[in-house]
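In: Sequence first, then the predicted structure:
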Amino acid sequence: MTHDDGQGPDHGPKRAHGHDRAHGHHHEDIDWAAMGPMLERNAELAAPQNREIAEWLRTWQLEPKLIADVGSGSGSTSFLLAEIFPNAWVTAVDPAEPLLERARERAAREGLSDRIRTLHAELPAGIAELPSADLLWIGRALHHVGDQEAALTALAERLAPGGAIALLEGGLNQRSLPRDIGFGRPGLQTRFDLADDMWFTRMRAELPGAKSVTEDWPTLLTEAGLRHAGTRTFLLDLPSPVSATARAHLISELARRREMHEETLDADDLTTIDRLLNENDPQSLHHRPDVFLLSAQTVHVGVRA
Ligand SMILES: C[S@@+](CC[C@H](N)C(=O)[O-])C[C@H]1O[C@@H](n2cnc3c(N)ncnc32)[C@H](O)[C@@H]1O
């Protein structure tokens, strides 16, 4: 499984986050509200991949009138879905009000306020508030819910007959550097993967109502009463030389992940990362010609009979 956000793990430095407040401030809490610009830059870079995913949904000749983008963040995918399905109304659903505010501002700027709405809601409690949708898009959000199985079943019940859930979970962890970068111990990104896995396991364990489940999404969609209609993995392949946007994204993401994994990575790796982040170092991410961006996202589709 990947815990990637498309261009990186979907978690940030320790901050309080909406839904987990009974037991205080957690190491793994995520300040989603602060992550708007990062999520948007991520979506900008992944636009070709996301467009391909959205187009793939036409395979089922879906003619959605109502789409809900669940865990929408600031709604980058909501806008894409509104473009791909021009007859649909889209509701961006998220517990982070500042992100929804960004979505509303963009909708107003682009003259789309009548077609793109926002709903402030948090799963699982907010599932009952969702519109009866023809398409529920859930991108990298279900894993933030303690009981994913129960949430998926409740979400399936919100589908209009013939409607579909498109669930983006899993894929492959992002790669952006060669295995050997010319200094430090080779294999840094593999060690980051392990740190991500440990982080993710802790993050999930601390969610309210946390329940482990085999993350076999086709089976879970079937158990939620849907027909598993397809699973496909989509590649984002931005070879070197990367754009300034991609480079800036990779730098800010490495800085964020250094903070997240400071206690997990060893001193040698932290020194390597500091060199990669040091603008004055010619071998850093700021200057290296060999930086690239390669990731794979898996989407599972379940259709209601
Ligand atoms: C990794 S971001 C993904 C954003 C967007 N779907 C994308 O693919 O770019 C995860 C999103 O899920 C939202 N989220 C976190 N916990 C949630 C919950 N319990 N219910 C609904 N959304 C949640 C966060 O606020 C955040 O916007």
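Out: Ah, there it is. Numbering: from 1, shown residues only.
In: How is whichever residue of the stretch 201-305 of the chain sits closest to the ligand assigned, secondary-structure-wise?
Out: In the stretch 201-305 of the chain, the residue that lies nearest the ligand is residue 207 (8.0 Å; C-beta to the nearest ligand atom). From N, CA and C alone the C-beta is placed, and that goes for glycine too. Under DSSP: H, G, I helix; E, B strand; the rest coil, residue 207 falls in the coil class.
In: Give me the nearest residue to it, chain neighbours excluded.
Out: The shortest distance from residue 207 to any non-neighbouring residue, by C-beta to C-beta, 6 or more residues apart in numbering, is to residue 146 (3.9 Å).
In: Would you agree that neighbour falls within a strand?
Out: No. In this structure, residue 146 is coil, not part of a strand, as judged by three-state DSSP.
In: pretty sure it is touching residue 206, no?
Out: No. Using C-beta atoms under 8 Å, residue 146 makes no contact with residue 206, being 9.1 Å away.
In: Neighbour count: those two, which is higher?
Out: The neighbour comparison of residue 146 against residue 206 (other C-beta atoms under 10 Å) goes to residue 146, with 19 against 15.
In: OK, contacts around that one?
Out: Residue 146 makes contact with 124, 204, 207-211, according to C-beta atoms under 8 Å, 6 or more residues apart in numbering.
In: If we only consider these, which is nearest to residue 287?
Out: residue 204 (37.3 Å; C-beta to C-beta).
In: For burial, what's the neighbour tally of that closest one?
Out: Residues near residue 204, counting by other C-beta under 10 Å, number 19.
In: show me what contacts it?
Out: Going by C-beta under 8 Å, 6+ apart, the list of residues near residue 204 reads 143, 146, 210, 212.
In: Near the ligand, list only the ones from those residues.
Out: Near the ligand, judged by C-beta under 6 Å from any ligand atom, there are no entries from these.
In: Generate the PyMOL command that creates a selection of the buried members of these.
Out: Here is the PyMOL selection string for the buried members of those, based on 16 or more other C-beta atoms under 10 Å:
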select buried, resi 143+146
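In: Can you lay out the contacts of residue 204 as JSON lines showing secondary structure?
Out: Output for the contacts of residue 204, formatted as JSON lines (three-state DSSP):
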{"residue": "143", "secondary structure": "helix"}
{"residue": "146", "secondary structure": "coil"}
{"residue": "210", "secondary structure": "coil"}
{"residue": "212", "secondary structure": "coil"}
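In: Kindly present the contacts of residue 204 as TSV, with separate columns for pLDDT.
Out: Formatted as TSV, these follow (pLDDT from 0 to 100):
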residue	pLDDT
143	97
146	98
210	97
212	95
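In: Kindly indicate which of the contacts of residue 204 lies nearest residue 199.
Out: Closest to residue 199, out of all of the contacts of residue 204 and judged by C-beta to C-beta, is residue 143, at 12.1 Å.
In: Give the bridge partners for residue 238, please.
Out: Beta-bridge partners recorded for residue 238 (DSSP bridges): residue 293.
In: For the stretch 51-200 of the chain, which residues score under the pLDDT cut-off?
Out: 61 (pLDDT under 70).
In: All the strands of this protein, residue numbers only.
Out: 66-70, 89-94, 116-120, 133-139, 159-175, 227-238, 293-303 (DSSP state E).
In: could these be laid out in TSV, adding mean neighbour count and distance to residue 41?
Out: Shown next, in TSV, are the strands of the chain (neighbours: other C-beta atoms under 10 Å; distance: least, C-beta to C-beta, whole Å):
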stretch	mean neighbour count	distance to residue 41
strand 66-70	26	18
strand 89-94	27	18
strand 116-120	20	20
strand 133-139	26	16
strand 159-175	21	14
strand 227-238	16	13
strand 293-303	22	12
